[in-house]
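>>> Quick check, what structure comes out for this input:
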Amino acid sequence: MKTFFIVLGIIVIVLAILLVVLYFLGKNLQKKQESQQEAMDAAAQQMNLYIIDMKMMKAMDANLPKMVTEQIPKYMRRAKLPIVKAKVGPRVMSLICDAKVFDTIAPKQEVKATVSGLYITAAKRIRGPIVETDPKKRKEQRKQEKKEAKKAAREAKKNQK
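Model (predicted):
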């Protein structure tokens, strides 16, 4: 019984030390994140984008500049990122999008976006239908849009003949 309490005491001490380390580590990471957020806000610009395509892609396959892919941490290189292919003025660019923003925009729409470097932090639709943010409803909305597009294409074909 005495050894049980000794082992239990050691486990409690180790857990307490682990919690203290995690607390200070989290505090430091939060400070870093806040400073990065301030830098992104300072470099942010308003741009008009025409969204061509949106995909969840690996950073290496996303056709991003070489300098950007080199700066991505190794553990994030295999993770899929929300990539938006957009027309910015006369140029077509691949941009990394915030996950929240990725759910609110749709392809083939013109948006006014806040862009910091190659990262879209906010977007507001200029023209086009309102996109549903709920993933289940969004799938249904995309199916509906595809059906409508096919129907319009069929009607256009019939009108040509």
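>>> Look at K146 and give its secondary structure.
Using DSSP: H, G, I helix; E, B strand; the rest coil, the structure places K146 in helix.
>>> so what's it up against?
Applying C-beta atoms under 8 Å, 6 or more residues apart in numbering to K146 gives no contacts. For every residue, glycine as well, the C-beta is placed using N, CA and C.
>>> Just the local confidence number for it, please.
Note on K146: pLDDT of 82.
>>> CA-only coordinates of stretch 74-91 in PDB, if you can.
Output of stretch 74-91 as PDB, limited to C-alpha atoms (Å, rounded to 0.1, in the frame of the first residue of the first chain):
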ATOM      1  CA  LYS A  74       8.000  20.300 -42.700                       C
ATOM      2  CA  TYR A  75       5.100  19.000 -40.600                       C
ATOM      3  CA  MET A  76       2.700  21.300 -42.600                       C
ATOM      4  CA  ARG A  77       3.900  20.300 -46.000                       C
ATOM      5  CA  ARG A  78       1.800  17.200 -46.200                       C
ATOM      6  CA  ALA A  79      -1.300  18.800 -44.700                       C
ATOM      7  CA  LYS A  80      -3.900  20.000 -47.000                       C
ATOM      8  CA  LEU A  81      -4.500  23.800 -47.200                       C
ATOM      9  CA  PRO A  82      -7.400  25.700 -48.500                       C
ATOM     10  CA  ILE A  83      -6.100  27.000 -51.800                       C
ATOM     11  CA  VAL A  84      -8.000  29.600 -53.900                       C
ATOM     12  CA  LYS A  85      -7.100  30.200 -57.600                       C
ATOM     13  CA  ALA A  86      -8.100  33.700 -58.300                       C
ATOM     14  CA  LYS A  87      -7.800  36.400 -61.000                       C
ATOM     15  CA  VAL A  88      -6.300  39.500 -59.500                       C
ATOM     16  CA  GLY A  89      -6.400  42.200 -62.200                       C
ATOM     17  CA  PRO A  90      -4.900  40.600 -65.300                       C
ATOM     18  CA  ARG A  91      -2.900  37.900 -63.300                       C
END
